[in-house]
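>>> predicted model follows, preceded by the sequence.
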Amino acid sequence: GENVEQHPSTLSVQEGDSAVIKCTYSDSASNYFPWYKQELGKRPQLIIDIRSNVGEKKDQRIAVTLNKTAKHFSLHITETQPEDSAVYFCAATGYSGAGSYQLTFGKGTKLSVIP
Amino acid sequence: GAGVSQSPSNKVTEKGKDVELRCDPISGHTALYWYRQRLGQGLEFLIYFQGNSAPDKSGLPSDRFSAERTGESVSTLTIQRTQQEDSAVYLCASSPTGTSGTEQYFGPGTRLTVT
């Protein structure tokens, strides 16, 4: 099955600086890579996603890049703000048989933005 | 519209007891997923329902875990003879379809504590 590794596990940045979180995946057939943000005590929420036919996607201060050859993808947050502080999870979707597509998640990165 | 809801929000039970967790997906969503999130960890896939197809149970950790779903509505996750290692937040998610690349919408979770 799919295996997703995420680094770093914790990240502290000064407000206004950029933050980068990296993930690798093992299944070359995986074709969908979402990023979820989970604030303390709340549910995960999708912030951006990318499909395997695209190398980069940007939405305001957030961007995601995908390198299919190397099987890694990254989340970039620019001009960080205190409200960006949360745990971020990457995930990869692959076909697991019998019509089932599973999301395999990384272990998360706790981002702290210091005012 | 209403999002994914789960009940109870918190459940404390004694080791050896059975528990039942409930998930109400977004109306019209055919796919429903259960995940387990241990403290400080990522999301661990448990089971997936897609319409009337046979569920993908490949993530269930033991035969003490089972889940049911009636059509495209409510799902219940049952844990029998609970153990302390079952303590975690159980998250339910639904999506409009079960195909790859479809956003999963998460519920608020049920925090299970086994004493």
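Yes, it's here.

>>> now do the same contact list for residue 111.
I'll assume chain A. Shown in contact with residue A:111 (C-beta atoms under 8 Å, 6 or more residues apart in numbering or on different chains): A:10-13, A:19, A:21, A:77, A:80, A:84-88. From N, CA and C alone the C-beta is placed, and that goes for glycine too.

>>> ah, I was thinking of chain B
B:9, B:10, B:11, B:88, B:89.

>>> what subset of the residues you listed is buried?
B:11, B:88, B:89 (16 or more other C-beta atoms under 10 Å in any protein chain shown).

>>> from those residues, pick the one nearest chain A.
Within the buried ones among the contacts of residue B:111, proximity to chain A (C-beta to the nearest C-beta) peaks at residue B:89, which comes in at 9.5 Å.

>>> host element of that closest one?
For residue B:89, the enclosing helix or strand under DSSP states H and E is strand B:88-95.

>>> list the helices and strands that strand packs on?
strand B:5-7, strand B:19-24, strand B:31-37, strand B:75-79, strand B:105-106, strand B:110-114 (3 or more C-beta pairs under 8 Å, 6 or more residues apart in numbering or on different chains; DSSP states H and E).

>>> how far away is the residue positioned nearest the centre of chain B from chain A?
Centroid-nearest residue in chain B: residue B:34, 3.1 Å away (criterion: C-alpha atoms, centre = their mean). If you measure residue B:34 against chain A using C-beta to the nearest C-beta, to the nearest Å, the figure is 12 Å.

>>> list the contacts of residue A:11.
Residue A:11 neighbours (C-beta under 8 Å, 6+ apart): A:19, A:21, A:109, A:110, A:111, A:112.

>>> apart from its neighbours in sequence, what residue is nearest it?
residue A:111 (5.0 Å; C-beta to C-beta, 6 or more residues apart in numbering or on different chains).
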